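In: sequence? don't have it. structure:
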């Protein structure tokens, strides 16, 4: 036998066998590498007890409001005996999933032999968290085994013991944790994720929504103290503007406290400098978790299909609730459009039902606020989405505003037309947007909603004056419609002078005998007679 053959035989003979002379054991890891461990460090996982009170939980949140229902759900689900129990708390980024999990886990740590927190946003992060658990269970392993071997040892320990709790925080894909859940079937898992779907056969999902208005105000008040109590109306309005999203309220509250400004001051800044304020954070805050960036990771994952981002940017211009799915018809082939909606819903960016969609108002605000350099908030893409949102609405409105059978459809669309109008400005209105607003004013006038009709006609006139000029026939018609709306509302002090202006302009531009000029003369005469 050659020396090489003897070497091969020797290596094969000792693999996995402990030597009684040097008390060493060889453990082969998943990569096929051999690692030498002192014999006293090798303890079978079935005989390895966890150190008393072993935990790596973050500190229990100092500020915590509401969530009684969700905490009760976790109490009920995770308290029972038996095999593995898996709860998945899902919701929009920034809604407080990790905070809820930390609050519950810290409060119940004494009920578990081990309580271990793992950042689970990728398979490698999960492996690293399990490896740290293995080292915490048996410190002698530190530095002796590679991550893969430590990960396997931790899983084996979990499979052999009961009474533990593992928190898997910020899971990106249910498939990333499925193998672990299948292997360790004797304890409790608490999962947080932005993913709303994909948990069937894996976990019982618990949806976490935003705070109630009262809870949001309570949270802001705890952060900024007297500045909120001194102006509760502005503080409540600020909470509403932030969509009652806990992370946003915490960040803005910290900013207010540091800058020593009031909620109204912040609202004023937000109105005039939205992009800058969405990026703002208090000193020492996490720049990656500002309002502008908390959904970046999700949007990055969705960016492989452009239609998904396009749909979100279009939805950003509508009211946040009860958006008819039909408003998205024609944006893509039906399978692609259904897929885009489904992906946005899966990552909690929208809420979808068979007929309508909903989007958190802060998601909308960020999505329609341009930021050069941000691929998800490209100014040109946002401008294009705004125009597309107008076209979708214009295509959806009924063609006969006088037909009672079509009024329900009009009323369904009105909140979204109003939202679009409030988020745009006359100087930037396209022809489609102007026409949409003009038609809506006519419908509202016919419905007797004269205050709203006046607002829409004023907007139409302002837009047409800026885009078409003061003497364009469409501008003159808008001026006439506004005057008639003033008259219908009983505001003769504005109706008569404006009708006089319309008559003079039409005679000058179109001629005294033009039908539009004659109509203006009749309108003015009728209004003057009624004022006597």
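Out: Right, received. Where do you want to start? For clarity, every value in this text was computed on a predicted model and none was experimentally measured.

In: in whichever strand or helix holds residue 205, what's buried?
Out: Using DSSP states H and E, residue 205 sits in strand 204-207. Neighbour-count burial for strand 204-207 flags 205-206 (criterion: 16 or more other C-beta atoms under 10 Å). In this view, the C-beta of every residue, glycine as well, is placed from N, C-alpha and C.

In: pLDDT on it, on average?
Out: On average, the pLDDT along strand 204-207 is 89.

In: and that strand, which strands flank it?
Out: Here strand 204-207 is paired, per DSSP bridges, with strand 85-90 (parallel).

In: after the partner strand, next one along is what?
Out: Downstream of strand 85-90 (by DSSP H and E), the next one is helix 97-107.

In: and the angle from that next one to strand 85-90?
Out: Per axes from the mean of the first three to the mean of the last three C-alpha atoms, to 10 degrees, the angle that helix 97-107 makes with strand 85-90 is 140 degrees.

In: Not counting its own residues, what contacts helix 97-107?
Out: 57-61, 64, 67, 70-71, 74-75, 89-91, 115, 117, 165, 167, 169-170, 190, 192-194, 208, 246 (C-beta atoms under 8 Å, 6 or more residues apart in numbering).

In: Now for the chain, the helix or strand with the poorest mean pLDDT.
Out: One helix or strand of the chain scores below all others by mean pLDDT, DSSP states H and E: helix 3-14, with a mean of 32.

In: Show me the helices in the stretch 151-300 of the chain, by range?
Out: 174-183, 213-224, 226-229, 232-241, 246-259, 263-272, 274-279, 296-302 (DSSP state H, counting those that start in this stretch).

In: Likewise for the stretch 351-500 of the chain?
Out: Under DSSP H, counting those that start in this stretch, the stretch 351-500 of the chain gives helices at 361-367, 379-396, 407-423, 431-446, 450-467, 473-488, 492-510.

In: As JSON lines, these with mean pLDDT, mean neighbour count and distance to residue 101 would be great.
Out: Formatted as JSON lines, these follow (pLDDT from 0 to 100; neighbours: other C-beta atoms under 10 Å; distance: least, C-beta to C-beta, whole Å):
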{"stretch": "helix 361-367", "mean pLDDT": "94", "mean neighbour count": "23", "distance to residue 101": "22"}
{"stretch": "helix 379-396", "mean pLDDT": "96", "mean neighbour count": "18", "distance to residue 101": "34"}
{"stretch": "helix 407-423", "mean pLDDT": "96", "mean neighbour count": "18", "distance to residue 101": "34"}
{"stretch": "helix 431-446", "mean pLDDT": "95", "mean neighbour count": "21", "distance to residue 101": "44"}
{"stretch": "helix 450-467", "mean pLDDT": "95", "mean neighbour count": "21", "distance to residue 101": "45"}
{"stretch": "helix 473-488", "mean pLDDT": "94", "mean neighbour count": "21", "distance to residue 101": "55"}
{"stretch": "helix 492-510", "mean pLDDT": "93", "mean neighbour count": "18", "distance to residue 101": "59"}
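
In: Can you tell me how far residue 487 is from residue 504?
Out: 17 Å (C-beta to C-beta, to the nearest Å).

In: Could you do residue 215 as well?
Out: In terms of C-beta to C-beta, residue 215 sits 58 Å off from residue 504.
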